[in-house]
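> What follows is a predicted protein model with its sequence.
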Amino acid sequence: MSLDYDAIVVGGRVAGASTAMLLAQQGHRVLVVERSSMPSDTVSTHAILRTGVLQLTRWGVIDRLIEAGTPPVRNVILGFGEERIGFEVRSEFGIDTLYAPRRYLLDAVLMGAAIAAGAEFSDNTTMTGLLRDDRGRVTGIRVGRRKDTQAITARFVIGADGHRSRVAELVGARVKESHPATNAVHYAYYDGVPATGFWFQFSPGVNAGLIPTNNDQCLVFAGRPTRERQKFTDDPDREFMRLIRQGGSDLADVVTSGERVGQYRGTNGLAGFIRQAAGPGWALVGDAGYTKDPISAHGISDALRDAELCARAVDRAISEPQRTGEAMASYETLRDSLSARMFERSRDLARYDWTAEQASAWMRVISDEVKAECETLVSLPAWAPALAEMGSGFGQ
């Protein structure tokens, strides 16, 4: 039977666009559907740590973000109670600079790269259901509204549609591990905050900090236990600055030197989980398959990591159908092994049941896990060279 595509990716942001780009670069016919209009913003704290920067560099897209004015981050402050640990980003795996691009920019650059590689893209397009064969294998999707739907077939459907993934729901992806939402975090953009690097502050009962981003702005964030979220609803300005001051008077001095622009954004809590990664004719990537609390600031980097792991598995499954089960099982096993300790430490930090010394120890674990991720990624066989005209046809 002739199929419309080799792969349909549901979701066109970081995980979906990256997966589509890599598959298209291998010559596969790829369609990406995204329910929102793009380029557009989304709730995110933007920080891309070493794993993510490594991926963007390996794929040849980091220069587009730099050219768009994304500020380089070469120093970091980690605060634990009264202690401040400041350091320069040391060069490892060829990476000595971190970044935190606005999401409308990052998503557009990655989708532009996917389109340049040959993927097709349709935004403002909602998946309404899945197609299956008589054995229950997923064979495509339906898009549209009510009775006005279109059936599109593919060898694989990849859910990259976020932590509330409709694909995961429809395929019945099993939840392997989970934890409830315990961390309510909000952020706002500021003008005039003199921050040139990341500042991640862990003081008892609060996680706060600074993330410089595009347009000479700084993202200021503050998190606290979900049981305290009503205070933010009642008086956002007062509660936000209370949390910043609780993080540290020095942090508050830096924040108050600037001026907030725009509204507060964030979440009153995000449950974490690790889902089954694949099944007959389908796979999950990014937050659809693995969501952890954002307190580790590693979500984007995880999405970029898993996009490649998923794309390699799907590429192998398409090229060698007889080895599909092996390929997809290997993807899930590797994703889970790289995620386990990060998931656990993010969960522990998000509970706010720690001393400053414990938070420091857990952040060292996260640092070790970042190094292990990078070691794994640089050991992978090289992909075909990325196409030169990155981004043509989208977000220009």
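Great, that's in hand. Numbers count the residues shown, from 1 in each chain.
> Could you list the low-pLDDT ranges of the stretch 51-200 of the chain?
145-147 (pLDDT under 70).
> how about the helices of this structure, start to end?
With DSSP state H, the ranges of helices along the chain come out as 14-25, 50-58, 62-67, 103-116, 166-171, 229-234, 236-247, 249-256, 299-319, 324-350, 356-378.
> To Arg275, which of those lies closest?
Minimum separation from Arg275 across those (CB to CB) falls at helix 166-171, 5.8 Å. Using the backbone N, CA and C atoms, a C-beta is placed for each residue, glycine as well.
> pretty sure Leu110 contacts Ser18?
Yes: if you go by CB atoms under 8 Å, Leu110 and Ser18 touch, sitting 5.5 Å apart.
> Worst mean pLDDT among the helices of the chain?
Ranked by mean pLDDT, the helices of the chain bottom out at helix 229-234, which scores a mean of 76.
> Let me see the contact set for Gly81.
202-204, 355-356 (CB atoms under 8 Å, 6 or more residues apart in numbering).
> quick one, what contacts Cys218?
When contacts are counted by CB under 8 Å, 6+ apart, Cys218 touches 189-190, 193, 195, 210-212, 258.
> let's see it at 7 Å
Contacts for Cys218 (CB atoms under 7 Å, 6 or more residues apart in numbering) come out as 190, 193, 195, 210-212, 258.
> Out of those residues, which comes closest to Glu169?
When the contacts of Cys218 are compared for distance to Glu169 (CB to CB), Ile211 comes out closest, at 31.9 Å.
> Could you single out the most deeply buried of the helices of the chain?
helix 14-25 (a mean of 30; mean count of other CB atoms under 10 Å).
> Run through the neighbouring helices and strands of that one.
strand 5-10, strand 30-33, helix 103-116, helix 299-319 (3 or more CB pairs under 7 Å, 6 or more residues apart in numbering; DSSP states H and E).
> same thing but 10 Å
Here helix 14-25 touches strand 5-10, strand 30-33, helix 50-58, helix 103-116, strand 120-122, strand 148-159, helix 299-319, going by 3 or more CB pairs under 10 Å, 6 or more residues apart in numbering; DSSP states H and E.
> could these be laid out in JSON lines, adding distance to Glu344?
Converted to JSON lines, the helices and strands packed on helix 14-25 look like this (distance: least, CB to CB, whole Å):
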{"stretch": "strand 5-10", "distance to Glu344": "29"}
{"stretch": "strand 30-33", "distance to Glu344": "32"}
{"stretch": "helix 50-58", "distance to Glu344": "17"}
{"stretch": "helix 103-116", "distance to Glu344": "27"}
{"stretch": "strand 120-122", "distance to Glu344": "36"}
{"stretch": "strand 148-159", "distance to Glu344": "24"}
{"stretch": "helix 299-319", "distance to Glu344": "14"}
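> hmm, back to that, out of the contacts of Gly81, which are buried?
For these, a burial check counting by 16 or more other CB atoms under 10 Å picks out 202-203.
> tell me which of the contacts of Gly81 is nearest to Arg364?
Phe202 (12.1 Å).
> Quick one: residues contacting the spatially most central residue of the chain.
The geometric centre of the chain, computed from its C-alpha atoms, lies nearest to Ile300 (CA atoms, centre = their mean), at 2.7 Å. Ile300 makes contact with 13-15, 44-49, 51-53, 55-56, 99-101, 103, 106, 286, 294, according to CB atoms under 10 Å, 6 or more residues apart in numbering.
> any residues in contact with both of Leu110 and Ser18?
Contact criterion CB under 10 Å, 6+ apart; residues shared by Leu110 and Ser18: 56, 59, 61, 303-304, 307.
> Distance of Trp282 relative to Ala151?
16 Å (CB to CB, to the nearest Å).
> With Phe273 instead?
For Phe273 relative to Ala151 (CB to CB), the value is 30 Å.
> Mind checking which of these two has more residues around it?
Neighbour comparison, Phe273 and Ala151: the larger count goes to Phe273, with 18 against 13 (by other CB atoms under 10 Å).
> In contact with that one, which residues are there?
By CB under 10 Å, 6+ apart, the contact set of Phe273 is 163, 168, 173, 175-179, 287, 289-292, 343.
> what's the first-to-last distance across stretch 203-222?
End-to-end distance for stretch 203-222, by CA to CA, to the nearest Å: 11 Å.
> Ok, stretch 98-106 next?
Stretch 98-106 has an end-to-end distance of 14 Å (CA to CA).
> Then stretch 69-84?
Counting by CA to CA, the terminal residues of stretch 69-84 are separated by 29 Å.
> Then stretch 266-273?
Distance between the boundary residues of stretch 266-273 (CA to CA) amounts to 19 Å.
> Show me the two of the contacts of Cys218 that sit farthest apart.
So, the contacts of Cys218 by CB to CB: farthest apart are Ile211 and Gly258, at 13.1 Å.
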